[in-house]
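> got a predicted structure plus its sequence, pasted below:
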Amino acid sequence: MKNRQQLPLLAPLEKESGRKLNKLDYLVLLVLIVVYSAMTFVNLGTTNFPTSVCQIETQTTEITLDFGSQVNIAKAWFNINICEGDLTLTADDGSTAVYTADNGNMFRWHTGTIGLTTRTLKLTASSADLVLNEIAFFDNEGLLLPVTEVGSNSGVVDEQDTIPESPSYFNGMYFDELYHARTAYENINNMYIFEWTHPPLGKLIISIGIRIFGMTPFGWRFMGALFGVLMLPILYLFAKRIFKRSDFALIVTGLLMFDCMHFTQTRIATIDTYGVFFIILMYFFMYEYMTMDHENTPFWRTLVPLGLCGLSFGLGISSKWIGFYAAAGLAVLLFSTWAWRLIDIIKGRGEDKFKWTRINWLAYLPIIVTVVMVLRSLASGPANYSEYLYNHITWYDKLMNWNTVYIFSASVVIAVVSGVIVHLKNRNASKYMQKLNQQIMVIPWCCILFVLIPAVIYFISFFPYFRYDALSNASYGFKDAVNTMWKKQYDMYRYHSELKATHSSSTIWYEWPVTTKSTWFYFSSGSNTVSNIATTGNVFVWWAGIVGFFCLLVESIVNDIKNSNLYLKIGSGMVMASFVVFLIAYTQSADGKVPGWLFAVMIGLTVLALAMTREVTIKMLAVAFIANYLPWVLVSRCVFIYHFFATVPFIILAGVYWIYLIETRNPKKEWYRWIKWIWLALAIIFFLLVFPAISGIPTSRGYANFIEHYLPGGILYHGNV
Ligand SMILES: [Ca+2]
């Protein structure tokens with residue numbers, strides 16, 4: 001503190017901070033949140049959008065519109081709701097025009113050619129019932145024609161003030177909003193649920209924004225953008241825990257804030273945002289648990305971060321199945337922390353004796369029960385599980401016949417109760433035996449926090465399906481709900497495992513970190529301008545992050561080899577061996593695919609080696625990288641660059657960690673302190689340069705051409721400039 005005056009400008013940031021947030025942190029965070037909120041909420045979408053809905057039933061409904069005098073109707077913009085079918089427009093002289101409503105154009109202004117001269121216009125549905133939000137009519141010059149409805153207001157021309165200058169992403173759905181925002185709307189209105197390929201929570205969160213701001217582009221995009229903002233303070237806190245310095249936390253948060261994918265992905269009303277959000281939380285809370293002072297913290301306090309981690313896991317898998325990939329990594333971190341803790345307790349026992357009779361052996365009961373039940377079902381079950389379970393949709397009965405749920409839950413309860421009894425009985429036992437027993441109790445507690453509670457959250461998230469199915473079944477009960485949920489699991493699994501569709505925007509996993517090709521969300525062109533939204537990484541965030549990650553890993557391995565500890569030597573050897581095998585296998589395989597079993601062996605070796613290290617931060621980052629990224633190597637369906645989104649926060653943390661090591665190990669090299677700021681500055685400059693290609697802001701063709709062909713970052717305009 002006494003040297004503070006002589007230190008450069010940034011010194012207070014570094015000096016006064018620790019694990020926790022201080023006043024300066026709150027100030028920095030406030031600024032980041034305000035700046036980013038302005039970036040994301042401005043031009044997010046309009047709130048001026050037609051929401052009064054007109055129902056046109058086949059044959060029975062006839063709506064008459066009056067233009068005041070005879071007009072030439074050249075074109076119309078149709079803003080339809082969820083419907084498909086033909087809308088017939090009949091002029092005074094009996095001539096007609098037909099507009100075919102298609103779900104692919106819902107909740108946006110879609111142009112149809114009319115070509116009628118008339119004073120009044122009759123609207124009828126000829127093939128199916130139709131639902132329209134609004135229609136706008138234009139004459140030959142493209143001028144909006146004032147129109148009123150004859151008789152009562154059906155809602156078809158009552159919001160003419162919502163008609164925009166021109167249709168765009170700003171005033172209508174784009175890309176997969178057609179699935180996710182649509183289903184959020186269906187959830188609110190208890191309608192048939194169209195989007196079922198992902199669990200429901202993400203769409204339920206989207207629907208909160210619609211409830212607040214109406215079924216408008218701003219309404220359906222609001223929650224995603226909000227979660228994009230909320231990622232920033234969480235990552236800041238995460239970084240603060242790792243680096244214990246505000247400047248590094250600021251760098252980490254800044255890099256996410258100016259990452260192109262974080263920006264585009266959280267502004268479109270799809271569900272990836274929620275999966276990634278909860279994955280960051282999962283790893284944050286697990287890291288909290290890993291870095292606790294277990295020796296001096298009461299056991300029950302260590303259950304708090306574990307419980308929050310389990311909660312995040314439950315919410316994560318209820319949003320998107322990528323939560324399961326992430327959770328596989330969590331399991332490695334948990335077991336590794338647990339094992340090291342046991343080793344510490346045994347090493348620190350001193351003169352205390354181990355007593356077999358003082359151990360709560362029943363704590364292992366849930367594990368034994370699980371193993372027995374799995375073996376039993378493998379031995380006695382059908383040859384093809386998925387077909388069997390699908391054809392016998394009485395999943396509820398299957399569960400109950402095997403008594404799986406009851407037996408497992410009972411074993412957990414027995415383990416916890418016996419734990420309490422042994423704890424009370426051990427009051428006079430040695431500290432060593434007490435600690436040992438407490439640590440063993442992590443097993444049943446994790447069964448509650450990571451299995452039972454997330455399972456309940458996941459089940460409840462399917463509530464929209466239960467409510468909808470109950471509409472047509474008065475006696476719908478718990479049994480039916482379990483069956484409904486199970487059928488959805490099977491459908492989802494089959495969809496993702498059998499999806500053979502190809503897509504021009506799809507890419508291969510190893511192309512992602514080097515940003516070869518974006519996923520294309522939106523494009524439109526004016527007379528001399530183009531508007532484009534593509535999701536991809538910021539070159540200076542992703543490339544640098546991945547390089548930093550590998551530098552960190554290599555250095556960690558080299559350090560481990562130099563270390564006198566034999567385990568570390570073996571562990572690092574295993575990591576290197578598995579990487580070499582992977583590269584050889586990959587180059588030798590004909591179709592560019594590594595056999596699944598070989599891949600599993602390599603990952604197993606790496607994970608085992610990682611579990612053996614005590615360096616918690618590198619371990620956490622490496623496991624997060626493996627768990628969130630490498631499963632995509634094995635996925636055979638077509639995949640997109642945005643599947644890398646969940647890995648991005650961790651390569652940022654890893655890259656910054658590498659810079660942190662360089663800086664703190666060379667305190668005398670003043671200029672090293674500037675590396676991180678230069679890095680962030682480059683990322684911001686790149687973000688600003690490509691901004692038109694990722695935000696939908698109209699720009700000149702010339703500038704779009706510059707972005708596409710002269711800036712690094714891969715394909716953004718997909719052959720359109
Ligand atoms: Ca309307």
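Perfect, I can see it now. Numbering: from 1, shown residues only.

> tell me the mean pLDDT over whichever strand or helix holds residue 234?
Secondary-structure assignment from DSSP states H and E places residue 234 in helix 217-243. Taken as a whole, helix 217-243 has an average pLDDT of 98.

> downstream of it, the next helix or strand is which one?
Sequence order places helix 246-257 as the next helix or strand after helix 217-243, per DSSP H and E.

> how many other residues sit next to whatever residue of the stretch 201-350 of the chain ends up closest to the ion?
Nearest residue of the stretch 201-350 of the chain to the ion (CB to the ion) works out as residue 215 at 11.1 Å. Every residue, glycine included, has its C-beta placed from N, CA and C. Residues near residue 215, counting by other CB atoms under 10 Å, number 23.

> tell me the contacts of it?
Residue 215 sits next to 49, 51, 107, 185 when contact means CB atoms under 8 Å, 6 or more residues apart in numbering.

> and of the residues you listed, the nearest to the ion?
Among the contacts of residue 215, and counting by CB to the ion, the member closest to the ion is residue 51, at 6.9 Å.

> for the ion, what's its nearest residue on the stretch 551-700 of the chain.
residue 696 (24.9 Å).

> before we move on, what about the stretch 501-650 of the chain?
For the stretch 501-650 of the chain, CB to the ion, closest residue to the ion: residue 524, 23.9 Å.

> kindly list the longest strand within this protein.
Criterion DSSP state E: the longest strand present in the chain is strand 63-80.

> show me what it is packed up against.
Contacts defined by 3 or more CB pairs under 8 Å, 6 or more residues apart in numbering; DSSP states H and E place strand 63-80 against strand 96-101, strand 110-125, strand 130-138, strand 148-149.

> hey, which of these is tucked in deepest?
strand 130-138 (a mean of 23; mean count of other CB atoms under 10 Å).

> got the angle for that strand vs strand 96-101?
Following axes from the mean of the first three to the mean of the last three CA atoms, to 10 degrees, one obtains 120 degrees for the angle between strand 130-138 and strand 96-101.

> show me what strand 130-138 packs onto, helices and strands only.
Using 3+ CB pairs under 8 Å, 6+ apart: strand 130-138 touches strand 54-56, strand 63-80, strand 85-90.

> what pairs with the shortest one, parallel or antiparallel?
Neighbouring strands of strand 54-56 in its sheet, by DSSP bridges, are strand 130-138 (antiparallel).

> dump the residue contacts of residue 412.
Applying CB under 8 Å, 6+ apart, the residues contacting residue 412 are 366, 444, 447, 448, 452.

> that older thread, can I get the longest strand of the chain in CSV, CA atoms only?
C-alpha atoms of strand 63-80 as CSV (Å, rounded to 0.1, in the frame of the first residue of the first chain):
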residue,chain,number,x,y,z
ILE,A,63,-64.1,-9.9,-43.9
THR,A,64,-64.8,-6.8,-46.0
LEU,A,65,-62.3,-4.0,-46.3
ASP,A,66,-63.0,-0.6,-47.6
PHE,A,67,-60.4,1.7,-49.3
GLY,A,68,-62.7,4.7,-49.5
SER,A,69,-62.5,5.0,-53.3
GLN,A,70,-61.4,2.8,-56.2
VAL,A,71,-57.7,2.0,-55.9
ASN,A,72,-55.1,-0.1,-57.6
ILE,A,73,-53.7,-2.7,-55.1
ALA,A,74,-50.4,-3.8,-56.5
LYS,A,75,-48.9,-5.5,-53.5
ALA,A,76,-49.6,-6.4,-49.9
TRP,A,77,-47.5,-7.3,-46.9
PHE,A,78,-48.9,-10.2,-44.9
ASN,A,79,-48.0,-10.5,-41.3
ILE,A,80,-49.4,-14.0,-40.4
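
> which parts of the stretch 401-550 of the chain are helices?
404-425, 431-440, 442-447, 453-461, 463-471, 478-498, 539-562 (DSSP state H, counting those that start in this stretch).

> residue 27 sits in which helix or strand?
According to DSSP H and E, residue 27 maps onto helix 23-41.

> ok now that helix, how far from the chain's centre?
Mean-position distance between helix 23-41 and its chain equals 22 Å (CA atoms, centre = their mean, to the nearest Å).

> may I see the buried residues of it?
25, 28, 29, 32, 33, 36, 39, 40, 41 (16 or more other CB atoms under 10 Å).

> among these, find me the one that's closest to the ion.
The shortest approach to the ion among the buried residues of helix 23-41 belongs to residue 41, at 25.4 Å (CB to the ion).

> before we move on, the earlier item: looking at the helices and strands packed on strand 63-80, which is closest to the ion?
Nearest of the helices and strands packed on strand 63-80 to the ion, taken as CB to the ion: strand 130-138 at 4.2 Å.

> what's the angle between the closest one and strand 110-125?
Using the same axes, to 10 degrees: strand 130-138 against strand 110-125 is 120 degrees.

> SS state for the residue nearest to residue 431 when sequence neighbours are not counted?
Computed as CB to CB, 6 or more residues apart in numbering, the closest residue to residue 431 that is not its neighbour in sequence is residue 352, at 6.9 Å. For residue 352, the assignment made with DSSP: H, G, I helix; E, B strand; the rest coil gives coil.

> I figured residue 352 hits residue 434, correct?
No: applying CB atoms under 8 Å as the test, residue 352 and residue 434 come out as separate, 9.7 Å apart.

> compare neighbour counts for these two and give me the winner.
The residue with more neighbours, out of residue 352 and residue 434, is residue 434; 19 against 15, by other CB under 10 Å.

> thinking again about what came up before, and the residue of the stretch 551-700 of the chain closest to the ion, how far from residue 227?
Taking CB to CB, to the nearest Å as the measure, residue 696 falls 20 Å from residue 227.

> okay, helices next: where are they in the stretch 551-700 of the chain?
Using DSSP H, counting those that start in this stretch, helices in the stretch 551-700 of the chain cover 566-588, 596-612, 616-629, 631-634, 648-665, 675-695.

> any idea which of the ones you listed scores lowest on pLDDT?
Comparing mean pLDDT across the helices of the stretch 551-700 of the chain, the weakest is helix 566-588, with a mean of 74.
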